[in-house]
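Enquirer: Can you look at this prediction? I've put the sequence above it.
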Amino acid sequence: MKQIFLAFHLFCVSLIFGQNSSFGIIVDKDGYVNVRQEDNAKSPIKGTIKSGEVVGIMESMIDEEMSENWLFVEYNAGASLEGFVHRSRIQFLDKLPKIPFQKKQGNTLIFKQNDIEILISTKKVQFFKDIKPYISGEYGELYKGKFAYGFDGTSSLTGDFEVIKFEKVILKIGGKTSEIPQNELENLFIVDDFAEDNGYSCYFDKEKNRVFIESSIGDGAGSIDLLLIFENGKFREKRVFNSI
């Protein structure tokens, strides 16, 4: 019941304050921002995050009331860090220029804006034939030794259960082509086969020459928010975040 209330409360917060993206960019003229233990300026500092870095965002709550000025963030590049950051120091990704959806061609979604083109291809595979032999862990949570994002456990799967996975994610920008390595995509499962752009949001950060692809993937409690980041025409990293 508590989890249901939390999810509903966060949904209401996002409607009120206009949050669409689960990720944001740290923006601070001092070059970094303090991450605090609690949502106030007098709280102990847990660490710092450099300006320009990307964080996962969860709206903060104080005694089950909304906090307008502070956001709970998770930063997992290198060392993991989480805590509260003042809202004024975060730019939500959806405030960046959007790279619009153009069309679906076969199993590939195409997004295009000027000289930027993104191709997102998915495929269906048989769980017991193609995935099960590589699953391990007490709860079936590992795939080839890495955490399998998108699964809500595997013990109840039966029959010809199909899994949708990424086949390819390609960025074309400024005459250069960059494809995300398969080892970065292989542990992402139950990717929705979206026919329109409501499943993926693509943004361009001109200042840092970065392209972001954001989506929510997975099933049930295994669902996550996913962010794929390209920088200077090359794939940089993926971020995963459970915003609820």
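Expert: Ah, there it is.
Enquirer: rest of the way, CA atoms for contacts and neighbours
Expert: OK.
Enquirer: Roughly how far does residue 29 sit from residue 96?
Expert: Separation of residue 29 from residue 96 (Cα to Cα, to the nearest Å): 19 Å.
Enquirer: more neighbours, those two?
Expert: The residue with more neighbours, out of residue 29 and residue 96, is residue 96; 14 against 8, by other Cα atoms under 10 Å.
Enquirer: Tell me the pLDDT of the more buried one.
Expert: pLDDT, residue 96: 96.
Enquirer: just the helices in the chain please.
Expert: Assigned by DSSP state H, the chain shows helices spanning 2-17, 182-185.
Enquirer: tell me the average confidence for stretch 227-237?
Expert: For stretch 227-237, the mean per-residue pLDDT is 96.
Enquirer: So residue 47 sits against residue 37, correct?
Expert: No. The criterion here is Cα atoms under 8 Å, and residue 47 misses it with residue 37 at 9.2 Å.
Enquirer: which of the two has more neighbours?
Expert: Remark: of residue 47 and residue 37, residue 37 carries more neighbours, 18 against 13, as counted by other Cα under 10 Å.
Enquirer: Any figure for the gap between that one and residue 51?
Expert: From residue 37 to residue 51 the distance is 19 Å (Cα to Cα).
Enquirer: for this structure, which spans come out with low pLDDT?
Expert: For the chain, the stretches flagged by pLDDT under 70 are 1-20, 59-67, 77-79, 152-159, 192-198, 220, 243-244.
Enquirer: hmm, try it at 50
Expert: Under the criterion pLDDT under 50, the flagged ranges of the chain are 1-18, 60-64, 66, 197.
Enquirer: Tell me how many other residues crowd the closest residue to residue 36 other than its chain neighbours.
Expert: Computed as Cα to Cα, 6 or more residues apart in numbering, the closest residue to residue 36 that is not its neighbour in sequence is residue 45, at 4.4 Å. A total of 14 residues lie near residue 45 under the criterion other Cα under 10 Å.
Enquirer: swap in residue 106?
Expert: Neighbours of residue 106 under the rule other Cα under 10 Å: 8.
Enquirer: Identify the residues contacting residue 96.
Expert: If you count contacts by Cα atoms under 8 Å, 6 or more residues apart in numbering, residue 96 has them with 203-205.
Enquirer: Check the spacing between it and residue 129 real quick.
Expert: Separation of residue 96 from residue 129 (Cα to Cα) stands at 41 Å.
Enquirer: Same question for residue 173.
Expert: Going from residue 173 to residue 129 by Cα to Cα gives 37 Å.
Enquirer: of the two, who's got more company?
Expert: The residue with more neighbours, out of residue 173 and residue 129, is residue 173; 19 against 12, by other Cα under 10 Å.
Enquirer: Give me the nearest residue to the more buried one, chain neighbours excluded.
Expert: Leaving aside its chain neighbours, residue 173 sits nearest to residue 116 (4.6 Å; criterion: Cα to Cα, 6+ apart).
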